[in-house]
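S.K.: Sequence first, then the predicted structure:
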Amino acid sequence: MGTVRQADRAPLVAFLVANVVSICGTRVSAIAIPWFVLMTTGSPVKTGVVALAEMGPLVLSKAFGGPWIDRVGPRRISVLADAASAGVVALIPVLHMLHALSFPMLLVLVAVAGALRGPGDAAKGTLIPDIAQAAKVPLERVTGLESTTERLAGFIAFAIAGALITLVGEVNALWIDAASFGVCAVLIYRWIPRRHQAAENAADDESEGSYGQRLLEGWRFLRKDKLMMPLVLMIAVTNLLDAAIAAVLLPVWIRDHGFGPGHTSLILLSFGITATVFALVASAVGDRIPRKLVFTLAFLICGAPRFVVMAFDAPVWMVMVIYAVGGIGAGFINPVLGALFIERIPRQMLGRVNSLADAVCWTGVPLGGVVAGAAIAGIGLAPALLAAGVVYLVATMSPVLIGRNERWNTTQDPTGPLETEAGLSPVAVPTS
C-alpha cells in the first residue's frame with residue numbers, strides 16, 4: 001500500500017523539484033547575463049537591450065504558443081522546450097570561449113531562449129490537472145505547493161546568485177543555467193504521467209480549424225468568461241504596479257532616505273518569507289476556503305499598504321512589517337487563482353487559454369519601471385507612491401464587483417469530474 005502511495009506522489013514531487021530547479025536557473029541567468037553584458041561591453045544601454053530581447057519574445061510566445069500546447073501535448077512541449085533551452089543557453093559560454101560571440105549573436109540567442117521559455121513555462125502550468133489526478137490530491141494543493149516552491153526558490157536563488165557568480169564567474173554560471181533546463185526536461189519526461197497525451201491529441205485531431213482558428217477560439221473563450229477576463233485585466237494592472245515598486249519606487253525611496261541596498265534586500269526578504277510560508281498554508285487549506293473572500297482580502301493586505309506606508313515616510317522597520325504582512329496575503333493569491341482558472345477552462349483548451357491569460361497578465365510588467373520613473377519625474381516620489389496605492393486599491397476591490405453571479409468555488413466529486421458551471425465544458429480534476 002505504501003508503495004502505491006509513493007508511486008502516486010512521484011509526479012507531484014518531480015514537478016515541484018523541476019519547478020525549483022527551473023526557477024533557480026532562471027534567476028541565476030537573470031543576473032548572470034546582464035552582468036556578463038555589462039562586463040564585456042561596459043554599456044548599460046546594451047544591458048537593457050538584452051533584457052528586452054528576452055522579455056519581448058517570452059511574452060509573445062506565451063500568447064501564441066497555446067494552440068501548440070493543446071495539439072502536441074503539454075508534457076511533450078515542456079520537455080522539448082527545456083531540452084532546446086539547455087542547448088541555446090549553453091551556446092553562449094561556448095561561443096564566448098571560441099571568441100565568436102558578437103553582440104547581435106547574443107541578442108539572437110537570448111531572444112530564442114526567451115521564446116522557448118514562454119511555451120515551456122505555460123506547458124508546465126497546463127500539466128497541473130494531470131499531476132493532481134496522479135497524486136490524488138486537491139487541485140488547490142498542487143497550485144499551492146507550486147506557488148510555495150516558486151517563492152522559496154525565487155528568494156533563495158537571488159540570495160545565492162551573486163555569490164555563485166562571484167565564485168565561478170558569470171560565464172560558468174550560464175553553464176549551471178543550461179544544466180537546470182536539462183534537469184527539468186529529464187524530470188518531466190521521466191515522471192510526469194503521459195496517459196492523457198493520446199486523449200488530448202485525439203480531441204484536437206477531431207476538431208476542425210487551423211492554428212489561427214484555434215488561437216482565436218481560445219481568445220474568445222477567455223474574453224467571454226465573465227470572471228476570468230476581468231481578473232486577467234486586474235492582474236495586468238497590479239503586475240504593472242508591482243513591477244513599478246520593485247524596479248523603481250522602492251529603490252528610489254531607499255536611496256532618498258539615506259539607506260543602502262541591504263535595506264532593500266531585508267524588506268523584500270520579509271515579504272518573501274511570509275509569502276512562502278502562507279503559500280504552503282494555502283496548499284493545505286485551499287480546497288476548504290471561500291475563494292472570492294480570501295482572494296479579495298489577500299490583495300487588500302498585500303497591495304496598496306506597501307505604497308501608502310512609504311508615501312507617508314514611515315520608518316524603515318514599519319515598511320518591513322507592512323511588507324511581511326503583505327506576504328501573508330500574497331501567499332494565497334496564486335493558489336486560488338491557479339485552481340480557479342484550471343477548473344473553468346475545458347481541458348482541451350487549457351494550453352491556449354491559460355497561455356493567453358498569462359500573456360495579458362504580463363503585458364504591464366515591462367512598462368512598470370517606465371511608468372514609475374515618469375511619475376516620479378512629473379509629480380514627485382511621495383505623490384507617485386500615493387497615486388499608485390490608490391490605483392492598486394481600486395483594482396483590488398474589483399473582485400467584489402467582478403462576476404457577482406459567477407461561482408468562484410466548484411463542487412468536486414472525489415472520484416469523478418468537476419461539477420460544471422453553465423456554459424463550461426467539464427474538466428476532470430480530482431479532489432480530496
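M.R.: Everything's here; your move. Numbering: from 1, shown residues only.
S.K.: So which residues of the stretch 251-400 of the chain form helices?
M.R.: 261-285, 291-302, 304-311, 316-344, 350-362, 365-379, 381-401 (DSSP state H, counting those that start in this stretch).
S.K.: Check which helices and strands the fifth one is in contact with.
M.R.: Pointing back at helix 350-362 there. Contacts defined by 3 or more Cβ pairs under 8 Å, 6 or more residues apart in numbering; DSSP states H and E place helix 350-362 against helix 44-64, helix 66-72, helix 74-97, helix 103-126, helix 211-224, helix 228-244, helix 316-344. (Each C-beta comes from the backbone N, C-alpha and C, glycine too.)
S.K.: Just name the most buried of these.
M.R.: helix 66-72 (a mean of 25; mean count of other Cβ atoms under 10 Å).
S.K.: Return the set of buried residues in the helix or strand encompassing I33.
M.R.: I33 belongs to helix 2-41 when elements are defined using DSSP states H and E. Residues of helix 2-41 classed as buried by neighbour count (16 or more other Cβ atoms under 10 Å): 11-12, 14-16, 18-37.
S.K.: isn't E54 right next to V110, touching?
M.R.: Yes. Using Cβ atoms under 8 Å, E54 makes contact with V110 at a distance of 4.8 Å.
S.K.: Now do the shared contacts for the two.
M.R.: Common contact partners of E54 and V110 (Cβ atoms under 8 Å, 6 or more residues apart in numbering): I33.
S.K.: hmm, who's touching stretch 235-244?
M.R.: 299, 303, 307, 337, 360-369, 371-372, 375, 388, 391-392, 395-396.
S.K.: Alpha carbons only: can I get it in CSV?
M.R.: Extracted C-alpha coordinates of stretch 235-244, given in CSV (Å, rounded to 0.1, in the frame of the first residue of the first chain):
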residue,chain,number,x,y,z
ILE,A,235,-3.8,41.2,-12.6
ALA,A,236,-2.3,43.1,-15.5
VAL,A,237,-2.8,46.4,-13.6
THR,A,238,-1.4,45.0,-10.3
ASN,A,239,1.6,43.4,-12.0
LEU,A,240,2.4,46.7,-13.6
LEU,A,241,2.3,48.4,-10.2
ASP,A,242,4.3,45.6,-8.6
ALA,A,243,7.0,46.0,-11.2
ALA,A,244,7.0,49.7,-10.7
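S.K.: Show the average pLDDT along that stretch.
M.R.: On average, the pLDDT along stretch 235-244 is 89.
S.K.: again with stretch 255-267
M.R.: On average, stretch 255-267 scores 78.
S.K.: swap in stretch 358-372?
M.R.: For stretch 358-372, mean pLDDT rounds to 81.
S.K.: That one: how far from the chain's middle?
M.R.: 13 Å (Cα atoms, centre = their mean, to the nearest Å).
S.K.: again, but for stretch 101-112
M.R.: On Cα atoms, centre = their mean, the centre of stretch 101-112 falls 24 Å from that of its chain.
S.K.: now what about that stretch, what contacts it?
M.R.: Against stretch 101-112 from outside (Cβ under 8 Å, 6+ apart): 33, 37, 41, 46, 49-50, 53-54, 56-57, 88-89, 91-92, 95.
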